[in-house]
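**Q** attaching a predicted model along with its sequence, questions to come.
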Amino acid sequence: MRATQIVLSSRPKGIPTSDTFRFEEIELPNLKEGEVLVQPSFISVDPYMRGRMNDIESYIPSFQLNAPIEGGIMGKVMESKSDTLKAGELVLGTLPWATKSIGKASNLKKIIPSSISPSYYLGILGMPGLTAYFGLLDIGKPKAGETVVVSGAAGAVGMVVGQIAKIKGCRVVGLAGSDEKVQILKEQFGYDEVINYKTAGRNLFELIKAACPNNIDVYFDNVGAEITDSVIFNINAKARIIVCGQIALYNSSQISRGLRLLPFILTKSALIQGFIVHDYKGRFPEGMQQLTTWLQEGKLHFKETVIKGFERLPEAFLGLFSGQNVGKMLVQVD
């Protein structure tokens with residue numbers, strides 16, 4: 001059986017280009033015991049994948065040159081040699097970017113059909129939602145009446161962070177990259193105030209200060225760089241800073257120079273902690289149960305940016321770094 005896959009053709013320096021990717025036709029082997037053939041319905045593109053394109057030691061192995069890129073996939077089992085998964089069932093897992101792929105059934109999670117869109121298991125009920133849940137609640141520990149600031153607020157993680165903070169009774173201020181995103185976050189996702197950092201320019205510090213009259217108790221950082229510098233100036237004593245992502249720096253080919261943060265952390269007795277969502281793998285069922293409950297109760301909402309066509313996967317991935325997505329970026333496979 002033939003399939004098309006996308007491999008890493010070169011390691012990018014700076015922002016990836018279309019030349020970073022190569023499409024290949026392959027012949028899939030016969031299934032072995034315990035394996036299934038999966039046809040993807042939705043494929044996830046995520047900022048962390050940029051780091052895997054570098055040949056450096058990190059919390060997750062690098063992509064190999066001339067080998068398929070892999071990521072989160074929701075799809076249908078087409079053939080099975082497994083006792084646990086049958087043909088026709090929906091599954092979730094990490095698989096190659098390919099029109100069809102073979103995976104071990106033990107590495108895939110079966111999705112039980114319900115009123116919830118299956119694509120949500122790559123978003124609000126998947127890695128982004130769990131990242132928001134554990135990062136905010138376990139590290140940020142927001143209390144009613146506190147001010148929570150979220151950078152990358154219109155992304156798949158930030159959109160959920162702000163809503164959970166509102167559930168906890170906080171004032172929530174977001175940073176986003178367009179007037180459209182500002183409007184969406186305020187009108188549809190309950191943000192109290194949102195700042196367009198792209199039009200703020202040198203006034204970003206003052207705009208954050210005006211939006212946070214009681215200063216900032218919790219900062220959920222998805223972006224880093226100058227945005228984080230402006231936020232840190234406005235933190236309260238005992239503030240909690242959650243370092244989830246640094247998308248502003250992922251394509252940088254030079255070491256970033258900016259504000260020296262540690263004096264502010266010291267004098268404010270603040271906590272700053274980075275985390276990877278898989279640190280909480282043992283608690284994923286807890287997070288999914290609570291997120292599902294809030295979703296079904298109408299306390300959480302979600303938005304997806306869906307690009308149709310397997311061949312547009314590289315385009316969708318590159319779009320993450322120019323802010324083309326509102327909420328979760330997905331590719332729907334034809």
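**A** Right, received. Where do you want to start? Numbering: from 1, shown residues only.
**Q** buried ones in stretch 85-92?
**A** Buried residues in stretch 85-92, counted by 16 or more other CB atoms under 10 Å: 85, 89, 90, 91, 92. Quick note: C-beta positions are derived from backbone N, CA and C, even for glycine.
**Q** can you give the contact residues for that stretch?
**A** 36, 38, 41, 72-80, 105, 108-111, 113, 118, 121-122, 126 (CB atoms under 8 Å, 6 or more residues apart in numbering).
**Q** and the helices in the protein?
**A** 48-51, 127-134, 158-167, 179-188, 197-200, 204-211, 225-232, 262-267, 284-296, 313-319 (DSSP state H).
**Q** what's the domain layout of the chain?
**A** Using automatic domain parsing, the domain ranges for the chain come out as 2-123+303-332, 128-278.
**Q** just the buried residues from the contacts of stretch 85-92, in ChimeraX please.
**A** Selecting only the buried entries of the contacts of stretch 85-92 in ChimeraX, with 16+ other CB under 10 Å as the criterion:
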select :36,38,41,72,73,74,75,76,77,79,80,105,108,111,118,121,122,126
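**Q** about what we covered before: need the helices of the chain in a markdown table with distance to residue 247, can you?
**A** Listed next are the helices of the chain as a markdown table, based on distance: least, CB to CB, whole Å:
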| stretch | distance to residue 247 |
| --- | --- |
| helix 48-51 | 8 |
| helix 127-134 | 13 |
| helix 158-167 | 11 |
| helix 179-188 | 14 |
| helix 197-200 | 13 |
| helix 204-211 | 17 |
| helix 225-232 | 9 |
| helix 262-267 | 22 |
| helix 284-296 | 22 |
| helix 313-319 | 12 |
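**Q** as JSON lines, those helices with mean neighbour count would be great.
**A** What follows is the helices of the chain, written out as JSON lines (neighbours: other CB atoms under 10 Å):
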{"stretch": "helix 48-51", "mean neighbour count": "18"}
{"stretch": "helix 127-134", "mean neighbour count": "26"}
{"stretch": "helix 158-167", "mean neighbour count": "26"}
{"stretch": "helix 179-188", "mean neighbour count": "17"}
{"stretch": "helix 197-200", "mean neighbour count": "17"}
{"stretch": "helix 204-211", "mean neighbour count": "17"}
{"stretch": "helix 225-232", "mean neighbour count": "21"}
{"stretch": "helix 262-267", "mean neighbour count": "12"}
{"stretch": "helix 284-296", "mean neighbour count": "15"}
{"stretch": "helix 313-319", "mean neighbour count": "20"}
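**Q** columns mean pLDDT on top of those helices, output as TSV?
**A** Shown next, in TSV, are these (pLDDT from 0 to 100):
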stretch	mean pLDDT
helix 48-51	92
helix 127-134	97
helix 158-167	98
helix 179-188	97
helix 197-200	93
helix 204-211	95
helix 225-232	89
helix 262-267	90
helix 284-296	96
helix 313-319	96
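**Q** tell me which of those helices sits nearest to residue 145.
**A** helix 158-167 (11.4 Å; CB to CB).
**Q** bridging residues for residue 6?
**A** Beta-bridge pairing of residue 6 under DSSP bridges involves residue 23.
**Q** which ones are touching it?
**A** Residues near residue 6 by CB under 8 Å, 6+ apart: 21, 22, 23, 24, 68, 69, 97, 98, 313, 314.
**Q** how much space between the spatially most central residue of the chain and residue 325?
**A** Nearest to the geometric centre of the chain sits residue 128, at 4.4 Å (CA atoms, centre = their mean). To residue 325, residue 128 is 11 Å away according to CB to CB, to the nearest Å.
**Q** correct me, but residue 329 touches residue 307?
**A** Yes: using CB atoms under 8 Å, residue 329 is in contact with residue 307, at 7.4 Å.
**Q** which one's more surrounded, those two?
**A** Shown here are residue 329 and residue 307; by other CB atoms under 10 Å, residue 329 has more neighbours (23 against 18).
**Q** quick one, what contacts the more buried one?
**A** Residue 329 makes contact with 44, 45, 46, 156, 304, 305, 307, 316, 319, 320, according to CB under 8 Å, 6+ apart.
**Q** chain center to stretch 200-218, what's the gap?
**A** 25 Å (CA atoms, centre = their mean, to the nearest Å).
**Q** and for that stretch, what's in contact with it?
**A** When contacts are defined by CB under 8 Å, 6+ apart, stretch 200-218 is touched by residues 136, 140-143, 146-149, 165, 170-171, 173, 175, 193, 195, 197, 226-227, 230-231, 233-236, 238-242.
**Q** go again with 7 Å.
**A** Contacts to stretch 200-218, defined as CB atoms under 7 Å, 6 or more residues apart in numbering, come from residues 140, 142, 146-149, 173, 193, 195, 197, 230-231, 233-236, 239-240.
**Q** kindly report the same for stretch 283-302.
**A** By CB under 7 Å, 6+ apart, stretch 283-302 touches 120, 123-125, 129-130, 133-134, 159-160, 163, 167, 188-189, 327.
**Q** quick one: end-to-end distance for stretch 219-226.
**A** 14 Å (CA to CA, to the nearest Å).
**Q** one more: stretch 15-28?
**A** End-to-end distance for stretch 15-28: 32 Å, by CA to CA.
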